[in-house]
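Engineer: give the three-dimensional model of this entry:
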Amino acid sequence: MGRIFIMLCSNATMGACFDRKLFGAGLNVATRLQLLCRGDQGFLHNYQQNILFGPFRAVSEVGNHEPHAWGGHFPRQFRVDWDEGNLRELRDATSVFGDLGIPLAPLGNEAAYLVSSHP
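Structural biologist: Residues are numbered from 1 along each chain as shown. As a prediction, the model looks like this:
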């Protein structure tokens, strides 16, 4: 199994994530996000609503695929895809993270955090 990621979004950025099938983060997470590979599985956490969406799969490597997305604030980007019939919402997500032993390490303001880097 590949790596597992959780990307963050706000109410303002969530629509672009779904519409563009694109997740992004700031340059401050560039090193850790470079570990992400095509085929890795993950989730999108709207931290304002505390809802976790997923699962998603990375379908590209990390790059600056759409330089103007999110006003250029999140240039470390990768494309995602998902199975419409399998997309789920988990409400009150942060309470479940602790129960599962998932340490959350924020990597920038409303950008991303990696759950693990299991090769």
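
Engineer: which secondary structure elements does the longest helix seen in the chain sit against?
Structural biologist: Secondary structure of the chain read by DSSP state H shows that its longest helix is helix 11-20. The elements that helix 11-20 packs onto, with contact taken as 3 or more Cβ pairs under 8 Å, 6 or more residues apart in numbering; DSSP states H and E, are strand 22-25, strand 41-46. No exception for glycine: its C-beta is placed from N, CA and C like everyone else's.

Engineer: strands along the chain, start to end?
Structural biologist: 4-9, 22-25, 41-46, 51-58, 76-81, 88-91, 112-116 (DSSP state E).

Engineer: which elements pack onto the fifth one?
Structural biologist: The one in question is strand 76-81. Packing contacts for strand 76-81, counted by 3+ Cβ pairs under 8 Å, 6+ apart, involve strand 22-25, helix 30-33, strand 51-58.

Engineer: quick check: Thr13 touching Ala69?
Structural biologist: No - counting by Cβ atoms under 8 Å, Thr13 stays clear of Ala69, with 9.2 Å between them.

Engineer: how about low-confidence regions in this structure?
Structural biologist: 1, 100-119 (pLDDT under 70).

Engineer: most distant residue from the centre of this protein?
Structural biologist: Asp99 (20.2 Å; Cα atoms, centre = their mean).

Engineer: so how far is Asp92 from it?
Structural biologist: 11 Å (Cβ to Cβ, to the nearest Å).

Engineer: again, but for Tyr47
Structural biologist: Taken as Cβ to Cβ, the span from Tyr47 to Asp92 is 12 Å.

Engineer: could you do Pro67 as well?
Structural biologist: According to Cβ to Cβ, Pro67 stands 35 Å off from Asp92.

Engineer: what's the answer for Gly54, then?
Structural biologist: Counting by Cβ to Cβ, the gap from Gly54 to Asp92 is 15 Å.

Engineer: higher neighbour count, the two?
Structural biologist: Each of Gly54 and Asp92 has its neighbours counted (other Cβ atoms under 10 Å); Gly54 has more, 21 against 10.
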